[in-house]
Every structure is written in structure tokens, then in C-alpha cells.
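Novice: need a 3D model of the sequence below.
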Amino acid sequence: MENNYQERKGVVVITGASAGVGRSCVRAFAKKGYDVALIARGKDGLEGAKKEVESYGQRAVYYQVDVADAEAVEEAAAKIEEELGVIDVWVNNAMNSVFSPVKEMKAEEYKRVTEVTYLGQVNGALAALKRMLPRDKGSIVFVGSALAYRGIPLQSAYCASKHAVQGFYDSLRTELIHDKSKVKISIVELPALNTTQFGFVKSRLPRKPQPMGTIYQPEVAARAIVHAAEHNTREMMVGFSTLKAIIGNKIAPWYGDKVLANSAIDGQQTEELEDPDRRHNLWEPIPGDHGAHGSFGEQAKPKSQLLWLTRKRDYILGAAVVGGLLVGLKALKS
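Specialist: Now for the predicted structure:
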């Protein structure tokens, strides 16, 4: 494929870009004509992602950075603008987790998950805002979760971090509105996904972890994130399972408590025994280029009807308005 930089749409920074949702975002943004700056810890995955961006005719640079390190994130942002130009979009995607009952968790594990999954998004936002606010333009996408609204057993550190992301996002958005800033921010609430995380994260479960509920391919999440970056969308909920969890928790959280207590322990584990000595990525990346997909492809949906409706909302509303006007004119004539 020939390089065609005159048609480039801009520069996007993606954290957690080496695997999973981040890797799918890399491909989705590159296909749309963006140059991509890749931030993650694993060199093998970063190099693989860089080659994929270049195969679409776009420029790519990568930085081995732990998003928990605010200074390193800021240094990477400065280098990105030196090498690729002005940052137009920043996607805060990096995450980490531990599958474990609370009673077996350690304080340092909570600290680590919080620093990556919550403060990593804060660090990315601060680096992006430092550059976008003086220009009064740019787009920041926060990657949330249905679990930002409804905590579930065995993922307390992750759920708490996503709750924190939601609170930070709400605060920042109101400040930007008050300041009449043209910098756009969006949050995308994700469902269960077929990503690499279930074989990566630390686990104390007796059986191998699995996503619970309706599972979607990571490309579904990537499409939502690209849409959010390019539109002034406050919040996008991906998948009816996400909508159900969020709305259901608002209406009857007590019912959610009972359902999850009875089903979510076994529901988050396969029938296959876990290897207690397997490698995990809580402290260090796992070597290798692992791509975007996990091992649940046969169960994963490639599309989301809710996402389609959200992306086509303006067209649907426009058609409804036009249809209503035509009906009204016909009634007036009769």
C-alpha cells in the first residue's frame, strides 16, 4: 500500500496499544487515515502494531511507557508532537486487573491496578490537555466499562478504578463546559470483550477466568472509540448488556447484588483449571506479540445493534423528523 500522507486525518495517541482493545483501535484509526502514536509496555506488541499502521500507509511511532508513570507519559507526548506533529486525538485505553476475592487481595495490588487503570487515564488526560487547551481543539476518549456503574465480585480493584475514571471524567467535562472550551471529551462504556486480558491478568481463581455475559469482539469497541473521538458524544454504551447493567443498577441495585452473588463467581470461570504459576502482566509485560483477540472468539459477537443505532442516531432522528413533516403535510392537505 502506498503512503498517502496528504490525506491523513491527524495524529492519534493510543495507550495500551500493543494488545486487546488498544490493538483493535490502532487498526481502526490507521484505516481511517490517522498517524498513530503507540504507548504500552511490551516491545514485541508495539513493534507489531507499528508495522500494521505502516501497512495502511500511515506513520507510526511507539514508546515503551508505563502509563502509571506520569512523567514518562508527559515525555512521550512531547516526543510524539516532535515526530508526528500536533496530537488531535488521545485514547486512554491502558488497563490492568486482578481476579481475586477481596479477602485475598494485597494492598500493593490495589495500588498497582489503580495506578494503571485509573491514574493512567488521568496522566494521559493531563498530557493531552496541556497541548489541546492552548489550541482550543482536540479530542480525548476515556475507556470506561459497564463495571464503572455496577461492581461485580472477583474484580474489585478493576471495578473501583473504572468508577474513579467515571468520576474524573464527569468533573473534567463540567469544567470544560464552564470554560467554553472546544476540546471534546467522550467516554465509552465497554461490555465483556474477547481480548487478551483473560490470559494476561493476575488470577487467584481455581479455574481460568472468562468474560461474563454477552461477549463482543474488540473491533466493536474500536468502532465505538473512533466514533466517540470524531463526534461530540458525551457517553457511548457498547452492547445491550452494558445498557442493561447500567440501567438495571440504577433501578434495582439490590436485585443486581443477589444475581451477581449467585452467578458471577462461577460465571467468570471456565471449566479448565488455572495454572497457579502462569505468567501475568501486573508488574511486567508478557513477552510476545499477542494481537487483539483472546480465546473466546466462537462466543463473541462481531457487531452491536446498540452501537449501530448510536452511530446512526442523527440519520435516524433526521429521517423521523422528515417522516413526521410529510405526515403532517399530508394531514393538512386532506
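Novice: residue ranges for the strands of this protein, please.
Specialist: Ranges of strands in the chain, per DSSP state E, are 10-15, 34-40, 60-64, 89-92, 98-99, 139-145, 184-190, 192-193, 202-203, 207-209, 215-216, 235-237, 269-273.
Novice: for the fourth one, which strands pair with it and how are they oriented?
Specialist: When you say that, I think you mean strand 89-92. As defined by DSSP bridges, the strand partners of strand 89-92 come to strand 10-15 (parallel), strand 139-145 (parallel).
Novice: quick one: the first one to strand 34-40, angle?
Specialist: Between the axes of strand 10-15 and strand 34-40, defined by axes from the mean of the first three to the mean of the last three C-alpha atoms, to 10 degrees, the angle is 20 degrees.
Novice: could the strands of the chain be laid out in TSV, adding distance to F168 and mean pLDDT?
Specialist: In this view, the C-beta of every residue, glycine as well, is placed from N, C-alpha and C. Putting the strands of the chain into TSV (distance: least, C-beta to C-beta, whole Å; pLDDT from 0 to 100) gives the following:
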stretch	distance to F168	mean pLDDT
strand 10-15	15	98
strand 34-40	19	98
strand 60-64	23	98
strand 89-92	10	98
strand 98-99	21	98
strand 139-145	8	98
strand 184-190	10	98
strand 192-193	22	96
strand 202-203	25	97
strand 207-209	27	97
strand 215-216	25	96
strand 235-237	14	95
strand 269-273	31	96
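Novice: can you show me the helices along the protein?
Specialist: Using DSSP state H, the helices of the chain run over 20-31, 43-55, 70-83, 107-113, 119-135, 156-178, 197-200, 218-230, 240-251, 253-267, 305-311, 313-333.
Novice: out of those helices, which is closest to R207?
Specialist: Closest to R207 of the helices of the chain, according to C-beta to C-beta: helix 253-267, at 8.6 Å.
Novice: tell me the angle the closest one makes with helix 240-251.
Specialist: Following the same axes, to 10 degrees, one obtains 140 degrees for the angle between helix 253-267 and helix 240-251.
Novice: buried sites along helix 253-267?
Specialist: Across helix 253-267, burial judged by 16 or more other C-beta atoms under 10 Å covers 256, 260, 264, 267.
Novice: next: stretch 228-244.
Specialist: For stretch 228-244, the neighbour count (16+ other C-beta under 10 Å) marks 228-230, 233, 235-239, 241-242, 244 as buried.
Novice: identify the residue spatially nearest to V26, adjacent ones excluded.
Specialist: Among residues not flanking V26 along the chain, A49 sits closest, at 4.8 Å (C-beta to C-beta, 6 or more residues apart in numbering).
Novice: gap between that neighbour and A292?
Specialist: Per C-beta to C-beta, to the nearest Å, A49 is found 10 Å from A292.
Novice: next, show the common contact partners of those two.
Specialist: In terms of C-beta atoms under 8 Å, 6 or more residues apart in numbering, A49 and A292 are both contacted by the residues R23.
Novice: so what pairs up with the residue nearest to A228 when sequence neighbours are not counted in the strands?
Specialist: Computed as C-beta to C-beta, 6+ apart, the closest residue to A228 that is not its neighbour in sequence is S186, at 3.8 Å. Here S186 sits in beta bridges with V141, going by DSSP bridges.
Novice: can you redo the strands paired with strand 89-92 as JSON lines with mean neighbour count and distance to D66?
Specialist: Supplementary listing: the strands paired with strand 89-92 in JSON lines, determined by neighbours: other C-beta atoms under 10 Å; distance: least, C-beta to C-beta, whole Å:
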{"stretch": "strand 10-15", "mean neighbour count": "27", "distance to D66": "10"}
{"stretch": "strand 139-145", "mean neighbour count": "27", "distance to D66": "17"}
